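>>> Build the 3D model from these lines:
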Amino acid sequence: MPELLSALFFCALLSASAIFGLLLRGWLPEEHLSERNMEALRLVTSLLVTFAALVLSLQLSSGKAAFDTAYRDRNADAGQLAQLDQCLRGYGPEAEATRQKLRSYTAAVIASTWPEEAKPQGVAYPDTAAMARQGESSALSTLIREVGREINAFDPPDTLHKNLAAECRGSFAEFRERRWTVIEDGQGTQSQLFLNIVIFWLMLVFVSFGLQVPRKLLAAIVLAIGVVSISSVMFVIVDLERPYTGLFGISSTSMRSALEAMSR
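Now for the predicted structure:
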């Protein structure tokens, strides 16, 4: 799991920074460790800690908001698929081939987005082995274009079917917009460069911690708790950036429910 490896990497970096601070304290001459110098170091450390805490809280808040948006958009996308299928079902047998393609699309999205889960059964869909987990897929785009062309080609024989055809076209247009929203949601909002800068700030903080704490077991335990705590925060931030993988990944429940409703 890339997110877990990232957490271990953060933990190793911060631990190395703290150990370097401890070693640096032992290498420095005693006059550099005077009370006045240590007080100045504590002031700078307080500034770094405050700034890092503010940035981390903002990053965590931003990541959680982006994840919640992706979750809502995925559920809305699934609901729009089910609504479009209901409209096609109401149009009549003439739309059955279009409904089949819509079911194939939904099954392919499930199989490609959640490859570690059970594959959809009872419906044919394109091979998803080469499809990306997130982003646009040419095979899925082709299916959607075919669905759109077939809906636009409906030739209603009466007023009822004209109204149903118009409703299906409107529903398809809404679905297509939601689909692109879901694709864009998977791109993430965090800049890797900015994340690297935050990690650098945290490393400086733990170097300063190592310079200040005495070489005692209790101090080492407290420092280790700090390393694990900050590493877990960084893990959550990185994990939320990947809405369809990791510990907090978006569930396939809504899409599977939509597919089940289509297959009834």
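
>>> What are the structural domain limits within the protein?
2-66+190-240, 73-187+251-262 (automatic domain parsing).

>>> gap between the shortest one and the chain center?
Yep, that's domain 2-66+190-240 we're talking about. Chain-centre distance of domain 2-66+190-240: 25 Å, with C-alpha atoms, centre = their mean, to the nearest Å.

>>> ok, now the longest one?
On the basis of C-alpha atoms, centre = their mean, domain 73-187+251-262 is displaced by 22 Å from the centre of the chain it belongs to.

>>> pLDDT of it, averaged?
The pLDDT scores in domain 73-187+251-262 average 89.

>>> Number of residues surrounding residue 83?
Here the count is done by other C-beta atoms under 10 Å, and residue 83 has 17 residues near it. C-beta coordinates here come from the backbone N, C-alpha and C atoms, glycine included.

>>> From residue 262, how far out is it?
The gap separating residue 83 from residue 262 is 11 Å, by C-beta to C-beta, to the nearest Å.

>>> for stretch 39-51, which positions count as buried?
Across stretch 39-51, burial judged by 16 or more other C-beta atoms under 10 Å covers 41, 45, 48.

>>> Check the second one and give its pLDDT.
If I follow you right, that is residue 45. According to the prediction, residue 45 has pLDDT 84.

>>> Excluding covalently adjacent residues, which one is nearest to it?
residue 208 (4.3 Å; C-beta to C-beta, 6 or more residues apart in numbering).

>>> confidence score at the one you found?
On the pLDDT scale, residue 208 gets 88.

>>> give the contact list for it.
21, 41, 44, 45, 48 (C-beta atoms under 8 Å, 6 or more residues apart in numbering).

>>> looking at it, residue 106 is touching residue 81, isn't it?
Yes: using C-beta atoms under 8 Å, residue 106 is in contact with residue 81, at 5.7 Å.
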